[in-house]
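In: the amino acid sequence is not available; the structure is as follows:
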Ligand SMILES: *[C@@H]1O[C@H](CO)[C@@H](O)[C@H](O)[C@H]1NC(C)=O
Ligand SMILES: *[C@@H]1O[C@H](CO)[C@@H](O)[C@H](O)[C@H]1NC(C)=O
Ligand SMILES: *[C@@H]1O[C@H](CO)[C@@H](O)[C@H](O)[C@H]1NC(C)=O
Ligand SMILES: *[C@@H]1O[C@H](CO)[C@@H](O)[C@H](O)[C@H]1NC(C)=O
Ligand SMILES: *[C@@H]1O[C@H](CO)[C@@H](O)[C@H](O)[C@H]1NC(C)=O
Ligand SMILES: *[C@@H]1O[C@H](CO)[C@@H](O)[C@H](O)[C@H]1NC(C)=O
Ligand SMILES: *[C@@H]1O[C@H](CO)[C@@H](O)[C@H](O)[C@H]1NC(C)=O
Ligand SMILES: *[C@@H]1O[C@H](CO)[C@@H](O)[C@H](O)[C@H]1NC(C)=O
Ligand SMILES: *[C@@H]1O[C@H](CO)[C@@H](O)[C@H](O)[C@H]1NC(C)=O
Ligand SMILES: *[C@@H]1O[C@H](CO)[C@@H](O)[C@H](O)[C@H]1NC(C)=O
């Protein structure tokens, strides 16, 4: 019904050649690239088009008890967007949003901090009662290849912007959006509660000699009640990653390619501060040609990971499907970690591993894993034979439902490059 209303307003907007047309509590935005009037010409000048001022103007005018329609067409975004005070706002995006990549120095020095690991974002969206719908038409293009090449296979790059951060928000729905070539992580949910993200399609693939490092599909941190449904993700790192202080994260029907698939962590990296992860479900996941599938990684820290379920997974050519480490990346201090892992279930996990290891699990001897449960875990090496299950410091190892075939050293790698 809103679509027919939109069409009427759309015509009015075009006739007026204005970029934001407001009617009561509704703002309709037309991209500069589609505006034909003299005002648009004046604004273009010799400079690159920038739709950011109009977008921010619409949020300002209709962000409280209102709605905003971004009409079809291409929007050029050349500046950060800090949109943190929305209230009862319905956002409809029908066009393509392209983040500029000819001004990397601008982004590196202006992107918005998100606290976690000193990272930054191009867009913070926050407030209460927000819907952001793409209707299957919204396309977010981050020009990620430029960032991938600039990053040169490096790790976290300060100032390299996360595409969309849900920030200090309550009651949010994000639906029907496609991402291509994200700058960095596609989405991040932080300090938020009751966030539902459905029907999202992400693909960041490098076409150069450098990998799409750290182009995670989703990360959560200091958030609770987050529901993800119906995603398809191709990315260069963790597909869905639940980080510290996340509670009740419920993920269903996500297909991940080329990624870490379903991941808890990294957690425990905040010097001296504990990290807690509770009540997480990953249900109905496909992990294709991925590094890991259903796994937990922590730094030697404090806090806990408790009550996590991985169920109904199909793994296909996954480097090391099930993995637990208390000393991620460094392989140091593994047995001193006090970050306790307990009540984790892997149920109905079937498919193929790339090499001959199905699971490698080293828990800290200072905080052994408790109540790990496995049922219907049937992972076979792609090349045939039987896969190894390596275990160390698991308290209920004898009756956990999976037979260990050997021990797992603390510095066991996250990815293998051959049979072991
Ligand atoms: C504004 O909206 C009202 C009702 O939604 C409609 O009747 C009116 O024609 C609209 N005005 C313009 C200029 O589009
Ligand atoms: C958010 O929506 C709920 C349910 O419609 C409403 O009760 C609440 O007042 C809204 N919150 C704000 C800040 O307007
Ligand atoms: C949670 O957010 C959804 C929107 O995604 C909203 O419909 C629902 O009312 C919210 N729940 C609560 C308890 O406010
Ligand atoms: C992602 O994009 C690459 C090319 O950019 C393509 O080869 C690949 O098939 C895409 N992934 C999916 C799942 O469609
Ligand atoms: C970047 O990393 C990938 C994956 O590890 C590797 O295949 C590629 O050779 C690296 N590129 C360069 C230029 O080192
Ligand atoms: C998931 O996708 C299916 C098939 O397109 C659809 O019927 C269902 O409503 C979607 N779920 C959500 C939560 O949007
Ligand atoms: C799962 O999500 C995909 C989109 O990623 C959708 O096509 C499919 O219909 C969904 N399946 C179910 C059972 O909802
Ligand atoms: C996580 O939550 C705990 C307890 O509320 C708090 O002490 C800690 O600072 C939080 N960690 C981070 C990194 O925010
Ligand atoms: C474990 O998590 C599930 C799903 O979030 C929840 O329903 C259940 O109550 C939790 N169990 C405990 C013991 O907290
Ligand atoms: C196991 O998981 C697969 C993939 O999600 C699903 O098709 C199958 O129905 C599940 N089996 C059981 C017994 O639930």
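Out: Yep, that arrived. Keep in mind that what you see is a predicted model, and the values were worked out from it rather than measured. Numbering: from 1, shown residues only. Ligands and ions are numbered 1, 2, ... in the order given.

In: the residue of the stretch 101-250 of the chain found nearest ligand 7: neighbouring residues, count only.
Out: Among the residues of the stretch 101-250 of the chain, residue 230 lies closest to ligand 7, at 3.5 Å counting by C-beta to the nearest ligand atom. Backbone N, C-alpha and C define where each C-beta goes, glycine included. Neighbourhood size, residue 230 [other C-beta atoms under 10 Å]: 16.

In: work out for me the element it sits within.
Out: strand 223-234 (DSSP states H and E).

In: residue 313 now?
Out: Residue 313 belongs to strand 303-318 when assigned by DSSP H and E.

In: which strands border that strand, and is each parallel or antiparallel?
Out: Strand 303-318 has these partner strands in its sheet, going by DSSP bridges: strand 275-288 (parallel), strand 340-353 (parallel).

In: these two touch, right, the residue of the stretch 101-250 of the chain closest to ligand 7 and residue 201?
Out: No - using C-beta atoms under 8 Å, residue 230 is not in contact with residue 201, being 9.2 Å away.

In: residue contacts, residue 175?
Out: 131-134, 196-200 (C-beta atoms under 8 Å, 6 or more residues apart in numbering).

In: quick one: the strand or helix carrying it near ligand 4?
Out: In the assignment (DSSP H and E), residue 175 maps to strand 164-180. No - residues of strand 164-180 are not located near ligand 4 by C-beta under 6 Å from any ligand atom, the shortest gap being 7.9 Å.

In: that strand: how far from the chain's middle?
Out: Computed by C-alpha atoms, centre = their mean, to the nearest Å, the chain-centroid distance of strand 164-180 equals 10 Å.

In: can you check stretch 372-382 too?
Out: That offset, for stretch 372-382, works out to 26 Å (C-alpha atoms, centre = their mean).

In: the stretch 301-420 of the chain against ligand 9: which residues are in contact?
Out: Looking at ligand 9, the residues of the stretch 301-420 of the chain close enough under C-beta under 6 Å from any ligand atom are residue 307.

In: looking at the stretch 301-420 of the chain, which residue is nearest ligand 5?
Out: residue 415 (9.1 Å).

In: which of the strands paired with strand 303-318 sits closest to residue 81?
Out: Nearest to residue 81 among these is strand 275-288 (29.0 Å), distances taken as C-beta to C-beta.

In: okay, now the domains of this protein?
Out: Taking automatic domain parsing as the domain assignment, the ranges for the chain are 1-237, 245-420.

In: wait, does the longest one contact ligand 10?
Out: No - with C-beta under 6 Å from any ligand atom as the measure, domain 1-237 is seen stopping short of ligand 10, the closest distance being 13.6 Å.

In: ok, that domain near ligand 2 or not?
Out: Yes - part of domain 1-237 sits near ligand 2 under the criterion C-beta under 6 Å from any ligand atom, namely 87-88, 128-129, 171.

In: which of these are buried?
Out: 88, 128-129, 171 (16 or more other C-beta atoms under 10 Å).

In: can you tell me what sits against stretch 57-71?
Out: Around stretch 57-71, the neighbours that count as contacts under C-beta under 8 Å, 6+ apart are 6, 9-10, 13, 19-20, 22, 25-31, 34, 55, 81, 83, 85-95, 97, 127, 138.

In: now the buried members of these.
Out: 6, 9-10, 13, 19-20, 22, 26-31, 34, 55, 81, 83, 86, 88-95, 97, 127, 138.

In: after the helix or strand where residue 378 lies, next one along is what?
Out: In the assignment (DSSP H and E), residue 378 maps to strand 370-381. Per DSSP H and E, the first helix or strand lying C-terminal to strand 370-381 is strand 388-392.

In: mind giving me the packing neighbours of that following strand?
Out: Packing contacts for strand 388-392, counted by 3 or more C-beta pairs under 8 Å, 6 or more residues apart in numbering; DSSP states H and E, involve strand 357-362.
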